[in-house]
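Engineer: Sequence first, predicted model second:
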Amino acid sequence: MRQRNKEEHKGNRHTQPSGASFVAPDIDFGDAPDIKAFLESFTPSLLSLYPTFVEAEITDQKALDSLASWPRVNLVEFLGGLARQDKLKKIVVEAIVLRLRPDDYE
């Protein structure tokens, strides 16, 4: 019987070789059209962040509106945490904050 490699499975979640993020197999990434539209509205598109948003349970306009109501410092901290997972640059976090909280920049 073949022994499972730690890189292949870890609990109920599949993992990918070192450094790559993992995706829970039970998440359906097709169920968040509001998030797709939001991320595609950036130039260039941030659609590559779609799985990250869905995994963080940001799956609809209500969730985006809720994020927009957070104090800016908390929003930046939260998005910064997501950014670290995907190795995003600070400018991407700021672009998302600007889109969610445009009044902060007027």
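Structural biologist: In hand now; what should we look at? Residues are numbered from 1 along each chain as shown.
Engineer: Pop out the phi and psi values for residue 44.
Structural biologist: phi -70, psi 160 (degrees, to the nearest 10).
Engineer: For residue 101, see how far away residue 89 is.
Structural biologist: Counting by Cβ to Cβ, to the nearest Å, the gap from residue 89 to residue 101 is 19 Å. C-beta coordinates here come from the backbone N, C-alpha and C atoms, glycine included.
Engineer: Those two: who's more crowded?
Structural biologist: Between residue 89 and residue 101, residue 101 has the larger neighbour count (other Cβ atoms under 10 Å), namely 17 against 9.
Engineer: how close does the more buried one get to residue 73?
Structural biologist: Distance, residue 101 to residue 73, using Cβ to Cβ: 11 Å.
Engineer: Please apply the same query to residue 61.
Structural biologist: When residue 61 is compared with residue 73 (using Cβ to Cβ), they lie 23 Å apart.
Engineer: Would you mind telling me which of these two has more residues around it?
Structural biologist: residue 61 (13 against 8).
Engineer: Would you state the strands of this structure in chain order?
Structural biologist: 9-10, 13-14 (DSSP state E).
Engineer: what's next to the longest helix seen in the chain, contact-wise?
Structural biologist: Counting residues, the longest helix found in the chain (DSSP state H) is helix 72-86. Residues from elsewhere that reach helix 72-86 (Cβ atoms under 8 Å, 6 or more residues apart in numbering): 21, 48-49, 52-53, 56, 67-68, 70, 88-90, 92-94, 96-97, 100-101, 104.
Engineer: what do you get for stretch 96-106?
Structural biologist: 38, 41-42, 46, 64, 67-68, 72, 75-76, 79.
Engineer: Show me which of those residues are buried.
Structural biologist: Among these, those classed as buried by 16 or more other Cβ atoms under 10 Å are 38, 46, 64, 67, 75-76, 79.
Engineer: With pLDDT as added columns, please give those in JSON lines.
Structural biologist: Converted to JSON lines, the buried ones among the contacts of stretch 96-106 look like this (pLDDT from 0 to 100):
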{"residue": "38", "pLDDT": "96"}
{"residue": "46", "pLDDT": "92"}
{"residue": "64", "pLDDT": "95"}
{"residue": "67", "pLDDT": "94"}
{"residue": "75", "pLDDT": "92"}
{"residue": "76", "pLDDT": "90"}
{"residue": "79", "pLDDT": "89"}
